[in-house]
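here is a sequence together with a model predicted from it:
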Number of protein chains: 2
Amino acid sequence: MTTRGGDGTATPAVKTRKPRSSRTGRATMADVAERVGISAITVSRAFKRPELVVPELRQRILDTAQSMGYVPNQAASALASARSMTVAVLIPSMTNMVFVETLAGIHDMLLPRGYRALIGVTHYSPEEEERLIRTYLQFQPDGLLLTGTDHTAVARTYLSALSSPTVHMMELLDDPDSLSVGCSQEEGGRLMTTHLLARGYRRIGFVAVQLDPRTLARLDGYRHALEEAGLYDETRVWRLPDRSSIQLGAAMIDRLMAEGSDCDAVFFCNDDLAQGALFQCQRRGIRVPDQLAIAGFNDLPASAWTTPTLTTVATPRYAIGRHAAAMLLDLMDGKDPPQRRLDLGLTFIAREST
Amino acid sequence: MTTRGGDGTATPAVKTRKPRSSRTGRATMADVAERVGISAITVSRAFKRPELVVPELRQRILDTAQSMGYVPNQAASALASARSMTVAVLIPSMTNMVFVETLAGIHDMLLPRGYRALIGVTHYSPEEEERLIRTYLQFQPDGLLLTGTDHTAVARTYLSALSSPTVHMMELLDDPDSLSVGCSQEEGGRLMTTHLLARGYRRIGFVAVQLDPRTLARLDGYRHALEEAGLYDETRVWRLPDRSSIQLGAAMIDRLMAEGSDCDAVFFCNDDLAQGALFQCQRRGIRVPDQLAIAGFNDLPASAWTTPTLTTVATPRYAIGRHAAAMLLDLMDGKDPPQRRLDLGLTFIAREST
DNA sequence: GGCGATACTGTTAGCGCTAACCTTGACGGC
DNA sequence: GCCGTCAAGGTTAGCGCTAACAGTATCGCC
């Protein structure tokens, strides 16, 4: 199937140029240069530093490139310039809207600046994250965006040996050497619990799933708020390693009933759990919030529409993505970002379910 | 901040080797080779073709590489081997779960084989798709996965000039030269409409949003089924360019009421619209399905939990991703896939809302 | 008329890796 | 002992691009 050397006829007019696109069948910069009658570097500049080429020639180069179907080879460019124009982004899950919206923020910031995101999914596992970091380092990314702050020891080694800047998203780091953009998950947990206390609930439960550091921080906020009120009771806390889903939220209502729980309110660590709980309460005829109050976290789109609507805490995930990417752009430009730790805050949203 | 040329001391023992990692600060293959006392090509083989290196030496190479923090440079590898081990994947939206699950199927198939996905979001625009194709061709992808079949003329030119294989997802193509994996959207629309007719509904409405080709195909299926029954009425079709959302579904119920629509059933082109409609009916006291039947499309997770539960058509999106990726792997291996057009079918799910 | 400054384009070398070929030595069959 | 074969590793060249420096005009100024 190889087409190399198929043409034995010498073409003496062409001096040293090899036949166009020896391997891949694609035109190269040299092919374009030859056609225009200039050198390759000028073609390179016409694309990368247009201000260095006189407009008329630049236009001729671009037109010729277009007509030849020339597309720059990113691998060659990255190799020669030691800049990959690529940012590696690691998120725990792609089915969780929270991270998808963060990604959207990152994209909206990076793409106009010519950077591309290489997306990796860690499935909430630091080991998988380590593996992905190793894999993505092969692409010599100009920057890294990581979710959370719990990395394996090996991953930390990679990161500190790395010259490319790294920004941590979602959680905030106190370490002055690290960069982070996020909000205080602990405060979120505290905010909601304080609200429930203010509404008069006294036997407040907490359902924690996935058990990732952010969930546990919310649990901490819940616990601290209840401890301060002298109302913390370990038996009203459920910890499950499963991933968050509507189905699991519904199942939790069944379980609470089966266990004869005395909770007058339940704070679910995530909105989809809370939505499932709402649906199941409706099905079982449990009146919300009279018999049982239900609260969620994250403010997913459906939460404003369920019956009753869901009290929750909105997290600024799109903004987190944007700001983290902006911080990274600063760092990649060699500039120091205005802040090394950016708290974007939370918005408490009281609705009908509490 | 630059550390280049900091060490002026010559080391005469080293003959022609330049100082380690001249630009990026990272170890190269040659650095590892020198340390082990072998040539670079053997290091390359230890990683890429392990069976060509005796186990003992291979282990020594891998250990040394590890201890030096060596990570292969993907750009150099891609340039030298003309294989990027990268597949470009273009989807219309990242916030639509349908495509996120397709992505998951693609990942699960590609990653174990060493391929990586470069993800692009077209926002349902063929022009943006064209732009993304151009951008991603710079990465010399070994294959392409595209959503749908409506591409711009220029995009078609790129694709046909390309030697890398392309597979189209979601919709099916009749063209024998193209490869596609999906299901018949038209059949989905017909299936649901036939069901509604069988249940005795006669004034069936259709709400089409986004107006992408798949939505329009569903609309076609709806129209054909109703025309066959002699019940098609253009005034019961709503076409909106907006993107699908719960909020819009709720708003549509308000609009139908305001317009005094006589529909006894409404078929929404997407589940989140239908969910929004269900929520709004509940809020407004419209009994579903007695006063108004509601149907959706795609079977999103919440649809099995709303009150009433939502009648819908499940699309095999995860399987589509897997099979499309598998087909591409075959093609990239130079093998012909068993089928060039793979219909994965649909599953009709009757629930309480109709 | 000589010097420097400015604007544009070219030359050279090499980024880090791998394809294709080459060398070496061990082994076995006749 | 000659030849072929195979296994294990090395040599050479070059993938397509860009950094760094090097021309070559053109212009202005004293």
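Right, received. Where do you want to start?

what about the residue of the stretch 151-300 of chain A found nearest DNA strand C, distance to A:Cys281?
Nearest residue of the stretch 151-300 of chain A to DNA strand C (C-beta to the nearest atom of the strand) works out as A:Ser163 at 12.0 Å. To be clear about C-beta, it is placed using only N, CA and C from the backbone, and glycine gets the same treatment. Distance, A:Ser163 to A:Cys281, by C-beta to C-beta, to the nearest Å: 54 Å.

ok, the two, which is more surrounded?
Between A:Ser163 and A:Cys281, counted using other C-beta atoms under 10 Å in any protein chain shown, the more crowded position is A:Cys281 (22 against 10).

leaving out sequence neighbours, find the closest residue to the more buried one.
Counting by C-beta to C-beta, 6 or more residues apart in numbering or on different chains, A:Val288 is the residue found nearest to A:Cys281 once chain neighbours are left out, at 5.0 Å.

so the one you found sits right up against A:Thr306, yeah?
No - A:Val288 is beyond contact range of A:Thr306, at 9.4 Å (criterion: C-beta atoms under 8 Å).

list the residues that contact both of these two?
By C-beta atoms under 8 Å, 6 or more residues apart in numbering or on different chains, A:Val288 and A:Thr306 have these common neighbours: A:278, A:353.

more neighbours: which of the two?
Shown here are A:Val288 and A:Thr306; by other C-beta under 10 Å, A:Thr306 has more neighbours (28 against 21).

name the SS class of that one, please.
Three-state assignment for A:Thr306 (DSSP: H, G, I helix; E, B strand; the rest coil): coil.

residues contacting the nearest residue to A:Leu145 once chain neighbours are set aside?
The spatially closest residue to A:Leu145, leaving aside those adjacent along the chain, is A:Val89, at 4.5 Å (C-beta to C-beta, 6+ apart). A:Val89 makes contact with A:103, A:106, A:117-120, A:144-145, according to C-beta under 8 Å, 6+ apart.

quick one: classify A:Val89 as helix, strand or coil.
Going by three-state DSSP: A:Val89 is strand.

the residue lying closest to A:Ala33 once chain neighbours are set aside and chain B, how far apart?
In this structure, A:Ala33 finds its nearest non-sequential neighbour in A:Ala40, 4.4 Å apart by C-beta to C-beta, 6+ apart. Distance from A:Ala40 to chain B, counting by C-beta to the nearest C-beta, to the nearest Å: 16 Å.

A:Ala40 and A:Met29 touch, don't they?
Yes - using C-beta under 8 Å, A:Ala40 is in contact with A:Met29, at 4.7 Å.

the two: which is more packed in?
Legend: neighbour count by other C-beta under 10 Å for A:Ala40 and A:Met29, higher for A:Met29 (22 against 14).

against A:Ile38, how distant is the more buried one?
Separation of A:Met29 from A:Ile38 (C-beta to C-beta): 11 Å.

list the buried ones in the one helix or strand in chain A whose mean pLDDT sits lowest?
The helix or strand of chain A with the poorest confidence is helix A:153-161; it has a mean of 88 (mean pLDDT, DSSP states H and E). By neighbour count on 16 or more other C-beta atoms under 10 Å in any protein chain shown, the buried set for helix A:153-161 is A:155, A:158-159.

now for A:Leu331, how many residues are close by?
Other residues near A:Leu331 number 18, with proximity taken as other C-beta under 10 Å.

again with A:Asp330
Neighbours around A:Asp330, by other C-beta under 10 Å: 16.

quick one: it and A:Asp336 touch, right?
Yes - with contact defined as C-beta under 8 Å, A:Asp330 counts as touching A:Asp336 (7.1 Å).

contacting residues for the residue nearest to A:Gln138 when sequence neighbours are not counted?
Leaving aside its sequence neighbours, A:Gln138 sits nearest to B:Gln74 (C-beta to C-beta, 6+ apart; 4.1 Å). Residues near B:Gln74 by C-beta under 8 Å, 6+ apart: A:75, A:138-140, B:84-85.

out of those, list just those in strands.
Among these, DSSP state E puts none in strands.

if we only consider those, which is nearest to DNA strand D?
The shortest approach to DNA strand D among these belongs to A:Ala75, at 7.6 Å (C-beta to the nearest atom of the strand).

quick one: stretch A:233-246 near chain B?
Yes - contact between stretch A:233-246 and chain B, assessed by C-beta under 8 Å from any C-beta of the partner chain, occurs at A:245-246.

could you pull out the strands for the stretch 101-250 of chain A?
Listed in chain order, the strands found in the stretch 101-250 of chain A under DSSP state E, counting those that start in this stretch are A:116-121, A:143-147, A:166-170, A:180-182, A:204-209, A:237-240.

do you know how far A:Pro92 is from A:Gly345?
Taken as C-beta to C-beta, the spacing of A:Pro92 relative to A:Gly345 amounts to 22 Å.

between the two, which one's more packed in?
Comparing A:Pro92 with A:Gly345 by other C-beta under 10 Å, the one with more neighbours is A:Pro92, at 21 against 13.

measure the residue nearest to the more buried one when sequence neighbours are not counted to chain B for me?
Nearest residue to A:Pro92, sequence neighbours excluded (C-beta to C-beta, 6+ apart): A:Tyr124, at 4.5 Å. When C-beta to the nearest C-beta is applied, the distance between A:Tyr124 and chain B equals 15 Å.

next one: A:Ser125
In terms of C-beta to the nearest C-beta, A:Ser125 sits 14 Å off from chain B.

close to chain B: what parts of the stretch 151-300 of chain A are there?
Residues of the stretch 151-300 of chain A lying near chain B by C-beta under 8 Å from any C-beta: A:157-158, A:161, A:163, A:245-247, A:250, A:272, A:275-276, A:279-280, A:282-283.

mind listing which of these are in helices?
In helices, defined here by DSSP state H, the members of these are A:157-158, A:161, A:246-247, A:250, A:272, A:275-276, A:279-280, A:282-283.

interface residues of chain A facing DNA strand D?
For chain A, the contact set with DNA strand D under C-beta under 7 Å from any atom of the strand comprises A:18, A:21-24, A:26, A:28-30, A:40-41, A:44, A:47-48, A:72-73, A:76-77, A:79-81, A:83.

from the residues you listed, which land in helices?
Among the residues of chain A next to DNA strand D, the members falling in helices (DSSP H) are A:29-30, A:40-41, A:44, A:47-48, A:76-77, A:79-81.

what subset of these is buried?
Among those, those classed as buried by 16+ other C-beta under 10 Å are A:29, A:44, A:47, A:76-77, A:79.

identify the residues contacting A:Thr307.
A:278, A:282, B:279, B:282-283, B:307.

and A:Pro50, by the same measure?
Neighbouring residues of A:Pro50 by C-beta under 8 Å, 6+ apart: A:Arg58.

mind checking how far it is from DNA strand C?
Distance, A:Pro50 to DNA strand C, by C-beta to the nearest atom of the strand, to the nearest Å: 10 Å.

what backbone torsions are found at that residue?
Main-chain torsions, A:Pro50, degrees, to the nearest 10: phi -50, psi -30.

what is the neighbour count of the nearest residue to A:Thr315 once chain neighbours are set aside?
Leaving aside its chain neighbours, A:Thr315 sits nearest to A:Asn298 (5.5 Å; criterion: C-beta to C-beta, 6+ apart). For A:Asn298, the neighbour count with other C-beta under 10 Å is 21.
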